[in-house]
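Colleague: Generate a structure from the sequence data that follows.
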Amino acid sequence: MALTQPDILTGAYVTADQLLSLRFRPTRAPQFAASPITGTQAGLRLSKQKGRGVDFAEVRQYQPGDDIRSIDWRVTARKNLPHTKVFREERERPALLFVDQGQHMFFGSTQRLKSVAAAELAARVAWQITGNGDRVGGMVLDTTGQHMFRPFRTVKATGRMLTQVASSNQQLSRPQAVAESGAAHLETALAALCQLRQRRNRLFIISDLAGSLQLWREALHRLARHHHVQVLHITDPLEAELPPTGVYNIRQGDESLSFYSGDKTLRKRYADTHAERAADIKEICRHPAVSLQELSTANTHWDHLNWA
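Modeller: The predicted structure follows:
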């Protein structure tokens, strides 16, 4: 695994060190932007409005009308003038990441696997949000189940989550990491995600959206009732079109098969099936609180992504 020009992770696996090091590598993707704030809706940043809240802003000289409960008596005594503490009201939506490292992500036909692209994207998103001073947490789904992380705004907490992403990615190299319970894990994970209703979050779904589209439809629309959902859809060119004419061997676990890719009927049926599923995914994400972005394993940059 290596970082190549223009600085993307390639190969079959990632390590924790590689994901942690992305903190110091500027991403070429546009900066994340908060969704428009209307009324009392909370945004992603700390409000400039000052009042009694959770984040200390400054100490200044007392002004008529200030809350006497906020007087800083130490500064008042030292300067022999009344001074008061000023707070910033915290108005933020924690950013949550759903990072898919299921067995179905262990696939790729170019310079990296979908699982690697998802891990890198999760790291870049998490580090950018952390760098903005916002809280980030979420869920990592792998072959053993789900791993939850409460949102924090510290580098250490972000590092812990990304270390789990790398650990989950490494599990995909084990022969016993089969997809027998993958559908059940996904259903359980999405159900748990839908229970996060205590406040409106910004939710990033980083996945290839494998499995039942009806399951994804129900989950995304439920999540959209309480959160702003950004679906970062990981794809691979081989999913859209069969390789050039030839005989190919495919293995999954202990099973293998051979096929001839030059059959025109097979090629058309394959392409049509993918096109139908792609159209269904776009239709599922056609919701006011859901946005869809696609990232192919063949992409060598991030400039086409829109985080606004």
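
Colleague: residues in contact with N249?
Modeller: Contact partners of N249, counting by Cβ atoms under 8 Å, 6 or more residues apart in numbering, are 256-258. (Glycine included, C-beta is placed from N, CA and C.)

Colleague: do the same with C285
Modeller: 220, 231, 291-292.

Colleague: hmm, back to that, rank the contacts of N249 by pLDDT and give me only the lowest.
Modeller: Lowest in pLDDT among the contacts of N249 is S256, which has 78.

Colleague: what's the neighbour count on that one?
Modeller: Other residues near S256 come to 9 when the count uses other Cβ atoms under 10 Å.

Colleague: The one 3 residues further on now?
Modeller: Around F259 sit 13 other residues, with neighbours defined as other Cβ under 10 Å.

Colleague: any idea which element it lies in?
Modeller: strand 255-260 (DSSP states H and E).

Colleague: Please pull up the helix or strand immediately following that strand.
Modeller: Scanning onward from strand 255-260 (DSSP H and E), the first element met is helix 264-284.

Colleague: Which positions in that following helix come out as buried?
Modeller: For helix 264-284, burial by neighbour count (16 or more other Cβ atoms under 10 Å) applies to 270, 274, 278, 281, 284.

Colleague: Past the helix or strand of the chain with the lowest mean pLDDT, which element shows up next along the chain?
Modeller: Within the chain, no helix or strand scores below strand 2-4, which has a mean of 51 by mean pLDDT, DSSP states H and E. Toward the C-terminus, strand 2-4 is succeeded by strand 8-10 as the next helix or strand (DSSP H and E).

Colleague: so how far is that next one off the chain centroid?
Modeller: 17 Å (Cα atoms, centre = their mean, to the nearest Å).

Colleague: next one: stretch 118-131
Modeller: Taking mean C-alpha positions (Cα atoms, centre = their mean), stretch 118-131 and its chain are 7 Å apart.

Colleague: same deal with stretch 158-175?
Modeller: On Cα atoms, centre = their mean, the centre of stretch 158-175 falls 15 Å from the chain's centre.

Colleague: swap in stretch 278-298?
Modeller: Centroid separation for stretch 278-298 versus its chain: 14 Å, with Cα atoms, centre = their mean.

Colleague: quick one, strands of this protein?
Modeller: 2-4, 8-10, 50-61, 83-88, 95-100, 136-142, 145-152, 202-207, 228-235, 247-252, 255-260, 290-296 (DSSP state E).

Colleague: ok, so what distance separates the nearest residue to T158 once chain neighbours are set aside from L162?
Modeller: Leaving aside its sequence neighbours, T158 sits nearest to T130 (Cβ to Cβ, 6 or more residues apart in numbering; 4.7 Å). From T130 across to L162, the span is 10 Å (Cβ to Cβ, to the nearest Å).

Colleague: of the two, who's got more company?
Modeller: Relative neighbour count places L162 above the other of T130 and L162, with 26 against 20, counting by other Cβ under 10 Å.

Colleague: Now for that one: which residues touch it?
Modeller: Contacts of L162 (Cβ under 8 Å, 6+ apart): 16, 19-20, 122-123, 126.

Colleague: That one and L172, how far apart?
Modeller: For L162 relative to L172 (Cβ to Cβ), the value is 16 Å.

Colleague: Could you list the low-confidence segments of the stretch 201-308 of the chain?
Modeller: 252-254, 302-308 (pLDDT under 70).

Colleague: any idea how this structure splits into domains?
Modeller: 2-36+92-296, 50-88 (automatic domain parsing).
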